[in-house]
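Undergrad: Everything below, folded, please.
(chains A and B)
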Amino acid sequence: MTQVVEMARLMQGNEAVAEGALVAGVRFFAGYPITPSTEIAEIMAERLPRMGGKFIQMEDEIASLAAVIGASLAGVKSITATSGPGFSLMQENIGFAAMAEVPCVIVNVQRSGPSTGMPTAPAQGDVMQARWGTHGDHPVIVLSPSSVREAYDLTVRAVNLAEKYRVPVVLLLDEVIGHLREKVILPAPGELEIVNRKGPGVAPAGYLPYRPDETGVPPMANFGDGYRYHVTGLAHDELGLPTNNPEVAEQLLLRLHEKINRNLDDIIMDDSMHLEDAGVVVLAYGATARSAGRAVREARNSGIKAGLYRPLTLWPFPARRVAAVAEKVHTIIVPEMNLGQYRLEVERVVGDRDRVRGVNRVNGELITPGEILALLREVV
Amino acid sequence: MGEQSELRLGGKGGQGLILAGIILAEAAIRDGKNSVQSQSYGPEARGGASRAEVIIGDEEIDYPKVSRPGVLLVMSQEACDKFAGDLERGGVLIADSTYVHTIPEVDGVVYKLPISLAAREEVGKEMVANVVALGVMARITGVVSRQALTEALLARIPRGTGELNRKALDLGWEMAEKILH
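TA: Residues are numbered from 1 along each chain as shown, chains lettered A, B, ... in the order given. Model prediction:
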């Protein structure tokens, strides 16, 4: 058996996203470059045409996601990358992708906001927007990496989840991880699972585009393959045709959520350190988890029984797992480069606001290990 | 946690400090070590404050930013004023005396070298001042080997500029030799 050993190399987070997307099978990128995500577009522009793929620089981010949705309907794995201001413009089409069940991945490398904020400064202010930015009760999956290697792995995973569940997946980075360069050794080809969407098992005449199979997800025909059907953001029946029938509309909405909710174990990924005997846990994601990791190690060195819980899947919220962590500790500390967006969700699950403490920054700088350590010392 | 070297390179946008940081981090990997490189810069393409940070170590590096650099390179007065106070006790401050004229009191060793001027006059292009600085830093601190640094440099630069860059690196190395002896 051939064993391929890859060289360790210095790789940037944004570069890892682009490379991960290509390995996952993405062959279409439409976007509008914006700091701090621009390197993703640059690399895709260089690489995709040589691989038989397409790169289009669009007139804005609304059109970018529209093009991505169109390409995906034609059967091509598709992705776009942006930052806060562009992510705001994409919200309308994220809802469309959720409603029409079009697989797509939206990378948001977060910068300081609101509005155009501080373009080169990191933030984590789009956590709630990633979940609730578009209107209506919609399903969405949001993943957030804390290292360059994880950015690679989670990009592959994001594409896989989009294809498997026919849902928009948001990959939420922050400027620190997007621009960070780290030593990485990439997995050998074939080491990571690659998922392709399920095609229709029937001839065009018998195809019902929105009839789910046993998994709750409808098999998806590619436009251009002879399967003609209607795609709409309106509530629709199994033929894809608009309807105002309350029963049909409700069944659709419930199914859109059910296909995610019944597969939480597949979708939710997390990581932890020293939870076994921890009395206090730091819950952190993205770049902030790096500061948290250092703070927990230093706390342990000074005899504080601290642990780290790191959700890689931010949404759907890992409620059961957070509740299990909360049961064993007196305090959960949630550091974030925002004013406490994810903390709200932790408080909801813990049920006792006094046991959840935040460390928050909105000045465009990464929270330091020292700030988290100071609170760890205070609460024990 | 094992020993790790924390370096900060501060100056203005356009001086190539982020590229210098990348080359340092890549040289460290060639030396078989672990490294991370991060940066902080303004929205301007040139002229704004710019800084690159590199951490080199043998083990996993969690927090990727530098708070107390053991090695600080400053290539503008503004960067010197802003960062000199962050220097770790007993650390090394390398100042490009072409642009840095006053250096505040620090608890460490200060090396003043006309890095940009030497690049301009001896290599003929101030553009390679960042590479001269790399030679200076590597010789003074030993954080990366000369061979790894040379390889990492040659792998990163545009085709046709090898000789120019090699000359700049050697110049930096020699300037450091002179100041050390």
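Undergrad: what about residue A:332, neighbour count?
TA: Residue A:332 has 24 neighbours, counted by other Cβ atoms under 10 Å in any protein chain shown. (C-beta placed from N, C-alpha, C; glycine too.)
Undergrad: Give me the helices and strands touching the helix or strand hosting it, please.
TA: Using DSSP states H and E, residue A:332 sits in strand A:331-336. Counting contacts by 3 or more Cβ pairs under 8 Å, 6 or more residues apart in numbering or on different chains; DSSP states H and E, strand A:331-336 is packed against strand A:280-283, helix A:288-301, helix A:319-328, helix A:341-350, strand A:356-360, helix A:369-379.
Undergrad: Residue B:92 is in contact with residue B:70, isn't it?
TA: Yes: with contact defined as Cβ atoms under 8 Å, residue B:92 counts as touching residue B:70 (6.9 Å).
Undergrad: Parallel or antiparallel, which strands does the host helix or strand of residue A:80 pair with?
TA: Using DSSP H and E, residue A:80 maps to strand A:78-82. In the sheet, strand A:78-82 lines up against strand A:28-31 (parallel), strand A:104-112 (parallel) (DSSP bridges).
Undergrad: Can I get those in TSV including mean neighbour count?
TA: Converted to TSV, the strands paired with strand A:78-82 look like this (neighbours: other Cβ atoms under 10 Å in any protein chain shown):
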stretch	mean neighbour count
strand A:28-31	26
strand A:104-112	29
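Undergrad: With distance to residue A:7 and mean pLDDT added, can I get those strands in JSON lines?
TA: Formatted as JSON lines, the strands paired with strand A:78-82 follow (distance: least, Cβ to Cβ, whole Å; pLDDT from 0 to 100):
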{"stretch": "strand A:28-31", "distance to residue A:7": "26", "mean pLDDT": "98"}
{"stretch": "strand A:104-112", "distance to residue A:7": "26", "mean pLDDT": "98"}
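Undergrad: Quick one: those strands as CSV, columns for distance to residue A:378 too.
TA: Shown next, in CSV, are the strands paired with strand A:78-82 (distance: least, Cβ to Cβ, whole Å):
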stretch, distance to residue A:378
strand A:28-31, 44
strand A:104-112, 27
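Undergrad: Point me to the helix or strand that includes residue B:6.
TA: strand B:4-12.
Undergrad: how about that strand, does it reach chain A?
TA: No: for strand B:4-12, no contact with chain A is found by Cβ under 8 Å from any Cβ of the partner chain; the gap never falls below 11.4 Å.
Undergrad: quick check, distance from that strand to the centre of its chain.
TA: 6 Å (Cα atoms, centre = their mean, to the nearest Å).
Undergrad: Which strands or helices does that strand pack on?
TA: helix B:17-30, strand B:49-57, strand B:71-74, helix B:77-83, helix B:129-141.
Undergrad: by how many degrees do it and helix B:129-141 diverge?
TA: 150 degrees (axes from the mean of the first three to the mean of the last three Cα atoms, to 10 degrees).
Undergrad: helices and strands of chain B: which one bottoms out on pLDDT?
TA: strand B:34-41 (a mean of 93; mean pLDDT, DSSP states H and E).
Undergrad: if we can go back for a sec, export the helices and strands packed on strand A:331-336 as CSV, with columns for distance to residue A:112 and mean pLDDT.
TA: Shown next, in CSV, are the helices and strands packed on strand A:331-336 (distance: least, Cβ to Cβ, whole Å; pLDDT from 0 to 100):
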stretch, distance to residue A:112, mean pLDDT
strand A:280-283, 22, 98
helix A:288-301, 14, 98
helix A:319-328, 27, 97
helix A:341-350, 14, 97
strand A:356-360, 13, 98
helix A:369-379, 18, 98
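Undergrad: Residue A:140: neighbour count?
TA: Around residue A:140 there are 21 other residues, counting by other Cβ under 10 Å.
Undergrad: Now do it against residue A:127, distance only.
TA: According to Cβ to Cβ, to the nearest Å, residue A:140 stands 12 Å off from residue A:127.
Undergrad: can you check residue A:239 too?
TA: For residue A:239, the distance to residue A:127 - Cβ to Cβ - is 37 Å.
Undergrad: Mind listing what's buried along stretch B:173-181?
TA: B:173, B:174, B:175, B:176 (16 or more other Cβ atoms under 10 Å in any protein chain shown).
Undergrad: For the second one, which non-adjacent residue is spatially closest?
TA: In space, residue B:174 comes closest to residue B:135 once its chain neighbours are excluded; the distance is 7.8 Å by Cβ to Cβ, 6 or more residues apart in numbering or on different chains.
Undergrad: Was I right to think the one you found contacts residue B:165?
TA: No: the criterion here is Cβ under 8 Å, and residue B:135 misses it with residue B:165 at 10.2 Å.
Undergrad: wait, what's in contact with residue A:232?
TA: A:99, A:100, A:240, A:241, A:242 (Cβ atoms under 8 Å, 6 or more residues apart in numbering or on different chains).
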